[in-house]
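Enquirer: Structural data only, the sequence is not supplied:
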């Protein structure tokens, strides 16, 4: 066991923190209010080498692991959960293509890893959220193309994405998860239309899109892996994705905690700083304990993945622990700041609104408990 | 509640209908654009809600805390923002003028407030005096038959839209030298400072009130000079009880939405309500809600008994602790229930297609306004331990 961050981790943390605090944070309040996403931010992160952390150098990535990816995402999320999610989702597309893609498909990794292009992952539909295997969008083979029809929901940055990995049904509805395949769809493909953009509680910079597919023709060469492998690919992707969302949760929580601690040291009531009251200082103490504990779990999941060991249960645990922690810590941070915390004069109310979505995406926390519970029972039998 | 009288039930039904027909159609848009539902106030006036606790002789409905809490619960189940503005108007301003004003002052200020032509508010908190309310720095200095006010109030509900404010200011050096003044919009030296952008309660404008050499006639001073603390504290109890009613309304709505969704939403071939994780959350939410409801209405009832001087009624201090307990629990319950309702609705819960995310954003305010959770715990502990131990 060694808790010493590597030189690479330290370097990446410092580099990302500097960018996040100096360049990103000042834009966020207004951009969140306006719902304005700036692709150039992703490009700038790309120039710093931060948009392709976990993919190989052969594709323009950094060739590093999730142990390096986690601190990068945490630092971006400290300024903006929306941009951290954007980087994580673009990363997810790269990770899937690197593992399952053909050489031709892998060509797309390079522009994603450099931050010149944006990726998306489209799985959910109106009737299939947690029950992802029940999706209804169809992909019918016609010669050397597939013709896709249906409507996808909750696609993060579906409007700005250049490359979308989309799950559709090549088999029958009765095939369930086994009838699902993955397709690589490029921006501008005829028949791919943007539906409504969701109005949300938070993360307004990160656009959540409905995608409508009307006779979208995708060459067979852009099917990722074999027919029927799509659900497996999606689940593998979600395992890794859970570590990234957990990292985002760490960043949001840490940012909220920092504001709360600083406020508690400065704000005076009844003649002394409120941090001197146990009611406040114990709240801060609990925040720190829960944050540190969750962080260790996230780091462990990342380490397992990097070491090539099974990690899906730990990834689910990390996602559950970190996002529940972030919800609690941000809610308490608003409380520590009182009336100020409820206003946009401080970012903590935003952090609280951002934390909530982390308990829902990449598998709701109910699904994480399901995954963990099943895994426990399986290993004891 | 099972003890509600026919009159209580009538008020409940009236407000429920008003909320459905007048408030429901507009709240989504008002929340999004940080508007204010001014037109709702004359309608509340017609229903007698603006003077709900004011005696009939003074033009009010002659009701007590139980009825006011019912009104708050029913309105907040639909639109917590307008309910919060209603609270500031009816409980923090109108009720106080009616309780503490002279007949002449009531005559001058109440009619337009009771009709909803004017919007009222209350000014207590200051930038450096939130939980430590008596640490206020706004000063009123005597100048012949007038006072000159200097200072600033903050977090004032209805500040940006109100005409009549029930404001506290220091008139002496002592911590307890607090007096009350009615400040009217348009008075020279009185201005409204910035309007806050908030996480929730976005359709209830919150702002600063600024006094710069603001001259207020002695006729606008409510009660004797330096004698406002007791009435201020007493009204905080009423505020806390009725605002706990708001938490009840918000929570009830969230529970109803989550229950309905759990019946309709199917995943893995069955309604999600068939899964124990969902059942557990719904069951816990409703149990906590019912407990808070019983506590809140018990406090309201006790407040009314005490106000009426009924034999064996709880002491003022007991009422304060009861009110603090009700609000502490109801506020925390409503935030947690709101978070859980969003969780049950999943992605849909996070969007504005369903009202649960708004209710959660609104609910969080109640853990902060009218005494933070932290201050309420302090009040409760003092009552339990005695000042000597609690403040040792």
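Expert: That came through, no problem. These figures come from a predicted structure and were not determined experimentally.

Enquirer: In three-state terms, label the closest residue to residue B:90 other than its chain neighbours for me.
Expert: Ranked by Cβ to Cβ, 6 or more residues apart in numbering or on different chains and with sequence neighbours excluded, the top spatial neighbour of residue B:90 is residue B:50, at 5.3 Å. Just so you know, the C-beta spots here come from the backbone N, C-alpha and C atoms, and that holds for glycine as well. With DSSP: H, G, I helix; E, B strand; the rest coil as the basis, residue B:50 sits in coil.

Enquirer: Confirm for me that residue B:50 is in contact with residue B:114.
Expert: Yes: counting by Cβ atoms under 8 Å, residue B:50 touches residue B:114, with 5.2 Å between them.

Enquirer: okay, and the common contacts of these two?
Expert: Residues touching both residue B:50 and residue B:114 by Cβ atoms under 8 Å, 6 or more residues apart in numbering or on different chains: residue B:94.

Enquirer: Those two: which has the busier surroundings?
Expert: residue B:50 (28 against 24; other Cβ atoms under 10 Å in any protein chain shown).

Enquirer: Can you pull the phi and psi angles for the more buried one?
Expert: phi -70, psi -20 (degrees, to the nearest 10).

Enquirer: Do you know the pLDDT at the residue lying farthest from the centre of chain B?
Expert: Taking Cα atoms, centre = their mean, the residue of chain B most remote from its mean C-alpha position is residue B:269, at 44.2 Å. Here the pLDDT value assigned to residue B:269 is 94.

Enquirer: which residue ranges form the strands in the stretch 51-200 of chain B?
Expert: B:120-123, B:139-143, B:146-157, B:164-170, B:178-184, B:190-195 (DSSP state E, counting those that start in this stretch).

Enquirer: out of the ones you listed, nearest to residue B:375?
Expert: Closest approach to residue B:375 among the strands of the stretch 51-200 of chain B is made by strand B:146-157 (13.9 Å; Cβ to Cβ).

Enquirer: Please identify the pairing partners of that closest one and their relative orientation?
Expert: Next to strand B:146-157 in the sheet, as set by DSSP bridges, lie strand B:139-143 (antiparallel), strand B:206-217 (antiparallel).

Enquirer: mind checking how far it is from the chain centre?
Expert: Remark: strand B:146-157 is offset 20 Å from the chain centroid, using Cα atoms, centre = their mean, to the nearest Å.

Enquirer: so it versus strand B:178-184, what angle?
Expert: 80 degrees (axes from the mean of the first three to the mean of the last three Cα atoms, to 10 degrees).

Enquirer: pLDDT of strand B:146-157, averaged?
Expert: Here strand B:146-157 scores 97 as its mean pLDDT.

Enquirer: got JSON lines for the strands of the stretch 51-200 of chain B, with mean neighbour count too?
Expert: Output for those, formatted as JSON lines (neighbours: other Cβ atoms under 10 Å in any protein chain shown):
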{"stretch": "strand B:120-123", "mean neighbour count": "29"}
{"stretch": "strand B:139-143", "mean neighbour count": "16"}
{"stretch": "strand B:146-157", "mean neighbour count": "22"}
{"stretch": "strand B:164-170", "mean neighbour count": "26"}
{"stretch": "strand B:178-184", "mean neighbour count": "23"}
{"stretch": "strand B:190-195", "mean neighbour count": "16"}
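
Enquirer: Of those strands, give the one that comes closest to residue A:223.
Expert: Taking the strands of the stretch 51-200 of chain B one by one with Cβ to Cβ, strand B:190-195 is closest: 54.4 Å.

Enquirer: Can you report how many residues neighbour residue A:26?
Expert: 11.

Enquirer: ok, now residue B:274?
Expert: Counted with other Cβ under 10 Å, residue B:274 comes out at 14.

Enquirer: Spit out the contact partners of it.
Expert: With contact set as Cβ under 8 Å, 6+ apart, residue B:274 has no partners.

Enquirer: coming back round to it: possible to save the strands paired with strand B:146-157 as TSV with mean pLDDT?
Expert: Listed next are the strands paired with strand B:146-157 as TSV, based on pLDDT from 0 to 100:
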stretch	mean pLDDT
strand B:139-143	97
strand B:206-217	98
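
Enquirer: Please identify the deepest-packed of those.
Expert: Highest mean neighbour count among these (mean count of other Cβ atoms under 10 Å in any protein chain shown): strand B:206-217, with a mean of 20.

Enquirer: Now the element after it, going C-ward?
Expert: strand B:221-222 (DSSP states H and E).

Enquirer: strand partners of that next one, parallel vs antiparallel please.
Expert: Counting by DSSP bridges, strand B:221-222 is paired with strand B:178-184 (antiparallel).

Enquirer: Could you check the angle the partner strand makes with strand B:164-170?
Expert: Going by the same axes, to 10 degrees, strand B:178-184 makes 150 degrees with strand B:164-170.

Enquirer: what does strand B:178-184 rub up against?
Expert: Under the criterion Cβ under 8 Å, 6+ apart, residues B:96-97, B:100, B:105, B:109, B:123, B:134, B:136, B:140, B:147, B:149, B:163-171, B:190, B:209, B:211, B:214, B:216, B:220-223, B:225-229, B:231-232 lie in contact with strand B:178-184.

Enquirer: For the stretch 1-150 of chain A, just list every one of the helices.
Expert: Per DSSP state H, counting those that start in this stretch, the stretch 1-150 of chain A carries helices over the ranges A:7-19, A:25-34, A:39-47, A:66-79, A:81-100, A:103-113.

Enquirer: Could you check those and tell me which one is nearest residue B:370?
Expert: helix A:25-34 (27.5 Å).

Enquirer: and the residue farthest from the centre of chain B, what does it touch?
Expert: residue A:131.

Enquirer: Only the buried residues of the longest helix along chain A, if you could.
Expert: Once chain A is assigned using DSSP state H, the helix that runs over the most residues is helix A:230-266. The neighbour-count check on helix A:230-266 (16 or more other Cβ atoms under 10 Å in any protein chain shown) flags A:230-257, A:259-261, A:263-264 as buried.

Enquirer: What number of residues are in the vicinity of residue A:361?
Expert: Residue A:361, neighbours per other Cβ under 10 Å, totals 25.

Enquirer: Compute the distance between it and residue A:347, please.
Expert: Noted for residue A:361: a distance of 21 Å to residue A:347, by Cβ to Cβ, to the nearest Å.

Enquirer: Next: residue B:357.
Expert: 19 Å.

Enquirer: Those two: which has the busier surroundings?
Expert: Neighbours per residue, other Cβ under 10 Å: of residue B:357 and residue A:347, the larger number sits with residue B:357, 28 against 22.

Enquirer: Moving C-terminal from the host helix or strand of that one, which element do we reach first?
Expert: Here residue B:357 sits within helix B:356-366, counting by DSSP H and E. Next in sequence after helix B:356-366, counting helices and strands by DSSP H and E, comes helix B:373-385.

Enquirer: Whichever helix or strand comes after that next one and chain A in contact?
Expert: Using DSSP H and E, the next helix or strand after helix B:373-385 towards the C-terminus is helix B:387-390. No: judged by Cβ under 8 Å from any Cβ of the partner chain, helix B:387-390 and chain A are separated, with a smallest distance of 12.3 Å.

Enquirer: now what about helix B:387-390, what contacts it?
Expert: For helix B:387-390, contacts defined as Cβ under 8 Å, 6+ apart pick out B:378, B:381-382, B:384.

Enquirer: residue furthest from the geometric center of chain A?
Expert: Of all residues in chain A (Cα atoms, centre = their mean), residue A:271 lies farthest out, 43.6 Å.

Enquirer: quick one: it from chain B, how far?
Expert: 8 Å (Cβ to the nearest Cβ, to the nearest Å).

Enquirer: Who are the contact partners of that residue?
Expert: Per Cβ under 8 Å, 6+ apart, neighbours of residue A:271: residue B:132.

Enquirer: Also residue A:365?
Expert: A:319-320, A:323-324, A:359, B:343.

Enquirer: at 10 Å instead, please
Expert: Residue A:365 makes contact with A:316, A:319-321, A:323-324, A:327, A:358-359, B:277, B:343, B:346, according to Cβ atoms under 10 Å, 6 or more residues apart in numbering or on different chains.
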